[in-house]
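Undergrad: Got a predicted structure plus its sequence, pasted below:
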Amino acid sequence: MNDVSPAASPVPHLMTSLTGPLLQLEAQLLHRQVAIEGWFRDQFRATQAPLYCSVDLRNAGFKLAPVDTNLFPAGFNNLGERSLPLCVQAMQNAIERVCPRSCGVLLIPESHTRNQFYLESVAVLKRILESAGYEVRIGSLLAELSAPQTLSLPSGASLRLEPLQRHGERVGVAGFDPCFVLLNNDLSAGRPPVLEGVAQPVLPALALGWSQRRKSVHFGHYRDVAREFGARIELDPWLIDPYFRQCGEVDFLAREGEECLAGNVEVLLESIRLKYREYGIDREPFVIIKADAGSYGMGVMTARSVDDVRDLNRKERKRMAASKDSQAVRQVIMQEGVYTFETVGDPPAVAEPVVYMIDQHVVGGFYRVHTGRGADENLNAPGMHFEPLAFVEPCNTPDCGQAPDAAPNRFYAYGVVARLALLAAAREMAAHG
């Protein structure tokens, strides 16, 4: 984790011609802060938050909304060093709730051992768990791993991967019987039999892996949360909620389901145009089409008209036909495209905030930055880099004496919208039992 001083904490430039509606939104969140925090406490008492979560946000200046919610977050290595104490305290609270007498945690990561950036994230996550007072061992799902393997990382850290062992209803590694299993593997390739029916708590639950989870289900829960929240503070939920529609049984290579895609894109574009007219927004609407299950920014495209769906060439169809672990894309979500009018650096590069939470607490985040992408494009793509977003003050303590877009207040707005997505994930998790 990189140290970031307050002076170095990046606060992005936001195009001033578009700040009016956002300033109104931020001002409203600040004005209703006491009611908002009380509402969140009530909601998370009723529905337990996921153990951890990250949320990708987009800030269009007239709209601030989540576009993805990850229940198996990577990227802990991109958080600032000053986030570590918050992470440790929140992790202690989260694990004590799940396993009050826990002293051992089995961490199960992704299997791509050649991705150095991901392995650095696992090393930081392990450090957080150990700093919270838990013995941590790393159990690997790699089928070819028959003995412990130590990986040296560029940061100087190392990871020791060990083969998983199953004894009756308990899972662990040699000489280690954990109280609790923490998954950092999104299960895109399916549910591992070795983890089925184990006696220890396994979080997130196997049913929340991408072999079963659907983004459209999550954003259905988020739509309900946004409406409830909007009614609570007298806010148009569209300002924090991207429209979406879903198509199942598509085959990009065989051009099956094309009319479903085109029809839904057309409906979404017209719905967005109506809201743009309502708010006097002089921008071209666009729609993001992506796999309804999956991560890592794969299987994503932008549509500005129905022709963009009908005119895909063979290369583009092939790219959309498969997601992580070569899983075939058979269902897609079409989501209102949210511009990002935040920029970081000189020369300016488009950026989007990613907010990290452990239990119900915001613990930090970073900006995903891409010098080769535009304000209406997916930034989770090769060529991206990260700038730590150090929450100079805790995210639930805005400074009402400053302007709405001052750093603590902008970050407070990020934290509110991210926690709305967290609450949607909590309801999604509760629905799975």
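TA: That came through fine. Numbers count the residues shown, from 1 in each chain.

Undergrad: Over to Val122: give its phi and psi.
TA: phi -60, psi -40 (degrees, to the nearest 10).

Undergrad: Can you tell me the closest non-neighbouring residue to it?
TA: Among residues not flanking Val122 along the chain, Pro109 sits closest, at 4.7 Å (C-beta to C-beta, 6 or more residues apart in numbering). For every residue, glycine as well, the C-beta is placed using N, CA and C.

Undergrad: With Val306 instead?
TA: Val306's closest residue in space is Ala262 (C-beta to C-beta, 6+ apart), at 4.3 Å.

Undergrad: Only alpha carbons, please: show stretch 68-84 as PDB.
TA: Extracted in PDB, the C-alpha atoms of stretch 68-84 (Å, rounded to 0.1, in the frame of the first residue of the first chain):
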ATOM      1  CA  ASP A  68     -20.600  -2.200 -10.800                       C
ATOM      2  CA  THR A  69     -20.600  -3.800  -7.400                       C
ATOM      3  CA  ASN A  70     -17.900  -6.400  -6.700                       C
ATOM      4  CA  LEU A  71     -18.400  -8.800  -3.800                       C
ATOM      5  CA  PHE A  72     -14.900 -10.300  -4.200                       C
ATOM      6  CA  PRO A  73     -12.800  -7.100  -4.400                       C
ATOM      7  CA  ALA A  74      -9.300  -7.100  -5.700                       C
ATOM      8  CA  GLY A  75      -7.200  -3.900  -5.700                       C
ATOM      9  CA  PHE A  76      -6.400  -3.600  -2.000                       C
ATOM     10  CA  ASN A  77      -2.900  -2.700  -3.000                       C
ATOM     11  CA  ASN A  78      -4.200   0.400  -4.700                       C
ATOM     12  CA  LEU A  79      -5.500   1.800  -1.400                       C
ATOM     13  CA  GLY A  80      -3.400   4.400   0.400                       C
ATOM     14  CA  GLU A  81      -1.400   3.400   3.400                       C
ATOM     15  CA  ARG A  82      -3.500   5.700   5.600                       C
ATOM     16  CA  SER A  83      -6.500   3.500   4.800                       C
ATOM     17  CA  LEU A  84      -5.000   0.500   6.700                       C
END
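
Undergrad: Pass me the low-pLDDT residue ranges in the chain, would you?
TA: Scanning the chain with the threshold set as pLDDT under 70 gives 1-22, 295-298, 322-327, 389-409, 433.

Undergrad: In it, which helix is the longest?
TA: For the chain, the helix with the greatest residue count under DSSP state H is helix 407-431.

Undergrad: That one packs against which elements?
TA: Helix 407-431 sits against helix 19-31, helix 33-46, strand 52-59, strand 64-70, helix 215-233, strand 349-358, strand 361-370, with contacts defined as 3 or more C-beta pairs under 8 Å, 6 or more residues apart in numbering; DSSP states H and E.

Undergrad: out of these, nearest to Ala328?
TA: Ala328 lies closest, by C-beta to C-beta, to one member of the helices and strands packed on helix 407-431: helix 215-233, at 16.3 Å.

Undergrad: report the angle between the axes of whichever helix or strand comes after that closest one and strand 64-70?
TA: For helix 215-233, the following helix or strand on the C-terminal side (DSSP states H and E) is strand 244-248. Counting by axes from the mean of the first three to the mean of the last three C-alpha atoms, to 10 degrees, strand 244-248 lies at 30 degrees to strand 64-70.
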